[in-house]
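1. A structural model of the following input is requested.
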Amino acid sequence: MKLYGSHKNDFNRCLYKKLAADASSYNPVQGKKIFDTYPYFIKNKRKLRTADDLIVAISIAYSWMPTMLDMYEQSERSLAKLKKEIVRFKAIHSSVALLKKETEIKETLAIFCKATNNSVVGACKVLHLFYPLQVPIFDRRVIRAWNKLLPATAKIPILNQRNQVNCFYNYWLGILYWKENLGHTGVRRIEKNYLNTGGI
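-> As a prediction, this is how the structure comes out:
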C-alpha cells in the first residue's frame, strides 16, 4: 500500500475535519450494546518487564477479538527476546522517530505477529495496551474508515501475511503526520475518530 500522497502535508486540517465530522455521527447505543472494557485495561497502565507480562497482554487483547488465541512457534525465551525489541516502541513519539526506525519496527512487528495468530491486528492491540499514547489500534473498523476517507490510490487492501505489516506501519505514520500537523491532538484521539467512523 502506498501511503496517501506519501507526504506529511496530505494529512491536513481539512481532511481531519471531515474525519471528525463523520466520527461525531457514530452512536453505539443504536447498535448492539457491548460492555466496553477498554478503559479498565488502559487504566491499569501495564508495564512490559517480563515475557509473562507480554503473554498476559496478548491474552487481554484477544478478549476484544472474535478469534481464539493461538501463539505460533513461541517459547518463553523467544518472547523474552521479543520483549526487549518491543520496549523500543515506547520511544516512537513522532513521524521522524518512526521513519528512522522503519526497518527495525517492521522486523519486530513481523516477528511479533507470529505470537498473535499471525495477525498485525492482534499485535498492535497488544502494543497499544503498553503504549496507548504511541501505538494506535488497527482493525477492520479503522480500515473501513480509512478507505472511506482517503482516495482510491490510498485504499488499504485485504490484509494478508505479506502486506499487513506495511499497511499498519503506513496507517501509524499517517496518524503521526496528523498529530504533528494539527498540533492540538494526540494519537489516541485521531485513532478514536477512525474507530467511531468505522463503526457507522
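2. from here on, contacts and neighbour counts on C-alpha atoms
-> Fine.
3. What does the pLDDT read for L15?
-> Listed pLDDT for L15 reads 91.
4. where's K17 relative to D10, distance?
-> Counting by Cα to Cα, to the nearest Å, the separation of K17 from D10 is 13 Å.
5. In the chain, spot the helix with the most residues.
-> helix 164-182 (DSSP state H).
6. which residues touch that helix?
-> For helix 164-182, the surrounding residues in contact (Cα atoms under 8 Å, 6 or more residues apart in numbering) are 1-3, 8-9, 11-13, 16, 93-95, 98, 106, 109-110, 119-120, 135-136, 138, 156, 159, 185-187, 190-191.
7. likewise stretch 133-141?
-> By Cα under 8 Å, 6+ apart, stretch 133-141 touches 89-90, 92-93, 120-121, 124-125, 127-128, 168, 172, 186-188, 191, 194-199.
8. Mind checking the pLDDT average for that stretch?
-> Stretch 133-141 carries an average pLDDT of 92.
9. Which of the residues in that stretch are classified as buried?
-> Using 16 or more other Cα atoms under 10 Å as the burial criterion, the residues of stretch 133-141 that qualify are 134-139, 141.
10. Report the distance from that stretch to the chain centre.
-> Distance, stretch centre to chain centre, for stretch 133-141: 3 Å (Cα atoms, centre = their mean, to the nearest Å).
11. My read is that I156 contacts A145, right?
-> No. Between I156 and A145 there is no contact under Cα atoms under 8 Å: 10.2 Å.
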